[in-house]
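Visitor: Predicted model, plus sequence, below.
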Amino acid sequence: MTKLKLGLQLGYWGALCPGNNHTELAQAAEKLGFDSVWTAESWGNDCFTPLSWIGAQTSRIRLGTSVAQLSARTPTACAMATLALDALSGGRMILGLGVSGPQVVEGWYGQPYSKPVTRTREYVDIIRQVLAREAPVTSNGEFYPLPYEGPGSWGMGKPLKPITHPVRADVPIFIGAEGPKNVTQTAQIADGWLPLYYSPYRQDVYADQLVAAKEGFEISPTVMVYINDNLNDALYPVKAMLAFYVGGMGAAKRNFHKELMARMGFPDEADEIQRLFLEGKRDEGIAAVPDQFADEISLCGPLDRVKEKLKDWENSPVTSLLINGDENLMRNMAELVL
């Protein structure tokens, strides 16, 4: 049975800056014994700036990006941000990475979305070279050649070592992965995995992809928690999230979240959710999300029911639950888990 840890998942901002609210939540999480706090980026705020702000006003809690998008910065730029934040926080950084999807990569970053598994492997290798600081950084990869000698090159590039000595060569690298090949590679090259959604009742979906995970490998899914005596009311926001991701976060021809739901045993339902969502029938799309699926990937219902369901998560490979909520919810979860 796993002794679960808790993380605070702050995600990415909406239309407005959250002000000091996220800092206050992180401080409360730290006092309650949470292990980590996580910030994200989409096509609004970046993930490193809020995390550094929080890090300056906390002292023990680990600081994670969930996730930093590969296309937002080169691997050496990402390594520099990681190196700096890890040093300033006294070695509390966790670098969470993800490839995002073609709509964001090609529509926002103006880059081709090709060979995401290969790009991830090259990206992680370069970051590890920077943090190890054992030799000048080089790469003969397809996507991030160092030094660059392609079209437009002046032919004057030279391999470089970071000027600043990293506090830690072994900053943990987690990867947000959904596809089978990406999850398999994550177990091989990373220190942890950030599933978007995970069911402790369907461990077989990922079992063969995690066989290469080394000792100490962390699995930290984001888990929505809604404590409410009315189970239907508690499940509604989970179903709304799933309908949005399965129905609208991706193209009609290719949606990784929809494909994952299908692999987890709900292919027909996933098709129907997407059809309804793309037709503008969002309420019907939410209603089409099976209660069973929403319930499996979340912790919902009366407090006693949540307490009972936690046993199933403790009997899974999951090491940490990343949750989002107010101080009252965090306090309840700390009492149940920690």
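Guide: Arrived safely, thanks for sending.

Visitor: ok, now how distant is residue 253 from residue 305?
Guide: Distance of residue 253 to residue 305, given as CB to CB, to the nearest Å: 39 Å. Bear in mind the C-beta positions are built from the backbone N, C-alpha and C, glycine included.

Visitor: can you check residue 272 too?
Guide: For residue 272, the distance to residue 305 equals 28 Å [CB to CB].

Visitor: Who are the contact partners of residue 33?
Guide: Counting by CB atoms under 8 Å, 6 or more residues apart in numbering, residue 33 touches 6, 334, 338.

Visitor: can you pick the most crowded of those residues?
Guide: Ranked by the number of neighbours (other CB atoms under 10 Å), the contacts of residue 33 place residue 6 first, at 23 neighbours.

Visitor: what number of residues lie near the closest residue to that residue other than its chain neighbours?
Guide: Nearest non-adjacent residue to residue 6, counting by CB to CB, 6 or more residues apart in numbering: residue 34, 4.8 Å away. Neighbour count for residue 34, taken as other CB under 10 Å: 26.

Visitor: List the residues that contact residue 34.
Guide: Contacts of residue 34 (CB under 8 Å, 6+ apart): 5, 6, 7, 8, 61, 330, 334.

Visitor: just residue 111 next, same as before
Guide: Contacts of residue 111 (CB under 8 Å, 6+ apart): 71, 105.

Visitor: what about residue 106, helix or strand, and which?
Guide: helix 102-107 (DSSP states H and E).

Visitor: Tell me the pLDDT of the closest residue to residue 139 other than its chain neighbours.
Guide: Nearest non-adjacent residue to residue 139, counting by CB to CB, 6+ apart: residue 146, 4.5 Å away. Per-residue pLDDT puts residue 146 at 98.

Visitor: What values do phi and psi take at residue 146?
Guide: Here is the backbone geometry of residue 146 (degrees, to the nearest 10): phi -130, psi 120.

Visitor: and residue 38, how far is that from residue 304?
Guide: Distance of residue 38 to residue 304, computed by CB to CB: 28 Å.

Visitor: So which residues of the stretch 201-338 of the chain form strands?
Guide: Counting by DSSP state E, counting those that start in this stretch, the stretch 201-338 of the chain has strands at residues 218-219, 225-227, 299-301, 320-323.

Visitor: can you redo the ones you listed as CSV with distance to residue 22?
Guide: What follows is these, written out as CSV (distance: least, CB to CB, whole Å):
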stretch, distance to residue 22
strand 218-219, 23
strand 225-227, 18
strand 299-301, 22
strand 320-323, 14
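
Visitor: will you turn those into JSON lines that also has mean neighbour count, mean pLDDT and distance to residue 19?
Guide: As requested, those are exported to JSON lines (neighbours: other CB atoms under 10 Å; pLDDT from 0 to 100; distance: least, CB to CB, whole Å):
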{"stretch": "strand 218-219", "mean neighbour count": "20", "mean pLDDT": "98", "distance to residue 19": "31"}
{"stretch": "strand 225-227", "mean neighbour count": "19", "mean pLDDT": "98", "distance to residue 19": "23"}
{"stretch": "strand 299-301", "mean neighbour count": "24", "mean pLDDT": "98", "distance to residue 19": "28"}
{"stretch": "strand 320-323", "mean neighbour count": "23", "mean pLDDT": "98", "distance to residue 19": "21"}
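
Visitor: quick one, domains of this protein?
Guide: 5-224+305-337, 229-301 (automatic domain parsing).

Visitor: Now tell me which of those the model trusts least on average.
Guide: Among the domains of the chain, domain 229-301 scores lowest, with a mean of 92.
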